[in-house]
Each structure stands twice: as C-alpha cells, then as structure tokens.
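Engineer: I need the structure of the sequence given here:
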Amino acid sequence: MMHFFYDVTGVSYPLFAAVGVAVGICGFQLVRNVCINPEVRVTKENRAAGVLKNFSEGEKYAEHALRKFVRKKAPEIMPSINGFFGDPK
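Structural biologist: So this is what the prediction gives:
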C-alpha cells in the first residue's frame, strides 16, 4: 500500500508554526486594510466618488492607540539589560 501522506515528525512543527504565524499576520493586515483603511473602497459607488478630502478619518486611522502608546516609550527592547551593561557605575 502506498502512502501519499508523509509522517510529520517533531522537527517540522516549528516550521509549521512559523509559517502559520506569518500567514496569520498577513491575513490580519489584509482584513484590517479592507475593513478600516479610509483609502480602500470596495463598493463600486465608493470607488466612483474619486479622491475624498476627509483628513480627520485618515488621521484617526494613522494615529491609532498602539502608535500613541509606543511613541511615549524609549526605543529599547530590554531597557533593564541595556542599563545594566551600558550605564557606567
């Protein structure tokens, strides 16, 4: 009897996880842009409207809560470790 499906070993699970995360991120970004991006118009009526001058909607989209939160933080990944090795005592 021929096997058309190969046995997936434990070595290949991290690869499946990484590809799954990448596909999930791409899917999230696609749905986010289609649903809430003010420049994306799906319906024919909205596409026929041309260029809109709705600056407040664009600013609301660009200045979301995560960007406002990150703007107040220092651009460091691990500040305590950076301080331990970088600050002279």
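
Engineer: in the chain, which spans are strands?
Structural biologist: Counting by DSSP state E, no segments of the chain form strands.

Engineer: Just give me the neighbour total for Gly24.
Structural biologist: 10 (other CB atoms under 10 Å). In short, each C-beta sits where N, CA and C put it, glycine included.

Engineer: Could you do Val21 as well?
Structural biologist: That count, for Val21 with other CB under 10 Å as the rule, works out to 10.

Engineer: and if you look at Arg67?
Structural biologist: Neighbours around Arg67, by other CB under 10 Å: 9.

Engineer: do the one 10 residues further on as well
Structural biologist: For Ile77, the number of neighbouring residues by other CB under 10 Å comes to 7.

Engineer: how far away is it from Ala62?
Structural biologist: Going from Ile77 to Ala62 by CB to CB, to the nearest Å gives 24 Å.

Engineer: next one: Gly50
Structural biologist: 21 Å.

Engineer: Could you list the low-pLDDT ranges of the protein?
Structural biologist: For the chain, applying pLDDT under 70 flags the ranges 1-8.

Engineer: The same query, at a cut-off of 90, please.
Structural biologist: 1-14, 32-67, 70, 72-89 (pLDDT under 90).
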